[in-house]
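Peer 1: generate coordinates for the sequence data below:
(chains A and B)
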Amino acid sequence: MKIKFDFVTNSSSTCFVVVLKKGQEFKEDQFMKCVGINKKSPVYPMFLELFKMFASNMEPFDAAVASHHWNKGRQWDVFIADVFSADLVKKIKLAKERGDSLYFGTLSSDVNALETFVCCDSFKIEGKNVYIDATNSSW
Amino acid sequence: MIYYEYKKDHNKAYIFHVVKNISKGRFLRTMRVGRNSFAGRLLSRVYDCFFSETVDLLDEYRVYHSSEYGSFSEFLQKKYCLPDEVAVEGEDKLLKHKNTALLWRKEHVTGDYNLEMFTMSSDGALNILNSVLGVRNEN
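Peer 2: Numbering: from 1, shown residues only, chains lettered A, B, ... in the order given. Modelled structure (predicted):
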């Protein structure tokens, strides 16, 4: 038997949902407005990295759900009810009814400090035309 | 900003040399983020995490130990187990740079492992903190 006295390392992944009002695109300036950063901020580059991280990891919701490795052939509504909170499921269904654009993405704790933090944290970013929800899984 | 890191009582400990009395409000203003925005809340957590459980070593020495130890550097050597030259240089730093402090802090004291890893990593938030709290022309 081995006993480890220090932290045990492990990698983690989590998923997030992006809802964009009908006709809206996921754009840098809109994202920065939502998170409360202007171009003169010294932390603009960090939030730009965050924007790029979301943008490069998100796919159209239904296709991403159908092919996701957590989903083992389950029906759409069964899978989302299993993965997301009741509140988020309601938001997803409402967004679909309204014709808003829905995206699903995953983040990994293996990439860099920012993605690791975001992957293991639980948060929502809410703006006029964009809603990002990463509350489904946190440590 | 990290002046010295070492193991004490089986835990990693850091000594930071920082500019004194930078309030959270000033930190957020320098970062040009609003307190109630997502960015503001995130950086506010980083600030709180950094200052959690930190000890201002000179304050501790003056208030509790100045009659016990003949000098600040002796206090650093004997109470905080710092090597002689590190203790002496630490004292010199405070003499050379007015309005600065040596803060002592153990690793993983906040209860939020994820936030702490992000706050204390140089590719995470440590460089951001350094840009405000770091001592200019230190050497």
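
Peer 1: got a list of what the residue of chain B found nearest chain A touches?
Peer 2: Of all residues in chain B, residue B:37 sits closest to chain A, at 2.2 Å by C-beta to the nearest C-beta. For every residue, glycine as well, the C-beta is placed using N, CA and C. Taking C-beta atoms under 8 Å, 6 or more residues apart in numbering or on different chains, we find residue B:37 in contact with A:35-37.

Peer 1: how many residues are close by residue 99?
Peer 2: Answering for chain A, as no chain was given. Using other C-beta atoms under 10 Å in any protein chain shown, residue A:99 has 10 neighbouring residues.

Peer 1: chain B, not that one
Peer 2: Neighbour tally, residue B:99, other C-beta under 10 Å: 9.

Peer 1: residues contacting it?
Peer 2: B:19-21.

Peer 1: just the pLDDT for residue 122.
Peer 2: No chain was given, so I picked chain A. At residue A:122, the model reports a pLDDT of 88.

Peer 1: ah, I was thinking of chain B
Peer 2: 85.

Peer 1: likewise for residue A:135?
Peer 2: If you check residue A:135, the pLDDT there is 88.

Peer 1: so which of the contacts of residue B:37 wins on neighbours?
Peer 2: residue A:37 (25 neighbours).

Peer 1: now the closest residue to chain B within chain A. Nearest residue, chain neighbours left out?
Peer 2: When scored by C-beta to the nearest C-beta, chain A has residue A:36 as its residue closest to chain B, at 2.2 Å. Distances taken as C-beta to C-beta, 6 or more residues apart in numbering or on different chains place residue B:37 nearest to residue A:36, at 2.2 Å, with adjacent residues excluded.

Peer 1: got the contact list for residue A:84?
Peer 2: The neighbours of residue A:84, taking C-beta under 8 Å, 6+ apart as the test, are A:17, A:92, A:133, A:136.

Peer 1: mind checking how far residue B:124 is from residue B:116?
Peer 2: Going from residue B:124 to residue B:116 by C-beta to C-beta, to the nearest Å gives 10 Å.

Peer 1: quick one: the strands in chain A?
Peer 2: Assigned by DSSP state E, the strands in chain A fall at A:13-20, A:58-60, A:101-108, A:123-126, A:130-134.

Peer 1: residue numbers of chain A in contact with chain B?
Peer 2: Residues of chain A found near chain B (C-beta under 8 Å from any C-beta of the partner chain) are A:5, A:7, A:34-38, A:40-43, A:46-47, A:112-114, A:116-117, A:120-121, A:123, A:125, A:139.

Peer 1: buried subset of those residues?
Peer 2: Restricting the residues of chain A next to chain B to buried positions leaves A:34-37, A:41, A:43, A:46-47, A:113-114, A:116-117, A:120-121, A:125, with burial counted as 16 or more other C-beta atoms under 10 Å in any protein chain shown.

Peer 1: what is the nearest of those residues to residue A:65?
Peer 2: Residue A:65 lies nearest to residue A:125 out of those, by C-beta to C-beta, at 20.8 Å.

Peer 1: excluding its backbone neighbours, what's nearest residue B:68?
Peer 2: Using C-beta to C-beta, 6+ apart, the closest residue to residue B:68 is residue B:75 (7.8 Å).

Peer 1: checking that neighbour next. Helix, strand or coil?
Peer 2: Under DSSP: H, G, I helix; E, B strand; the rest coil, the three-state class of residue B:75 is helix.

Peer 1: give me the number of residues near it?
Peer 2: Residue B:75 is flanked by 23 other residues according to other C-beta under 10 Å.

Peer 1: again, but for residue A:93
Peer 2: Considering only other C-beta under 10 Å, residue A:93 is surrounded by 13 other residues.

Peer 1: who's in contact with residue B:14?
Peer 2: By C-beta under 8 Å, 6+ apart, the neighbours of residue B:14 are B:2, B:4-5, B:104-107, B:120.

Peer 1: residue B:114 contacts residue A:117, correct?
Peer 2: Yes: with contacts counted by C-beta atoms under 8 Å, residue B:114 reaches residue A:117, the gap being 6.0 Å.
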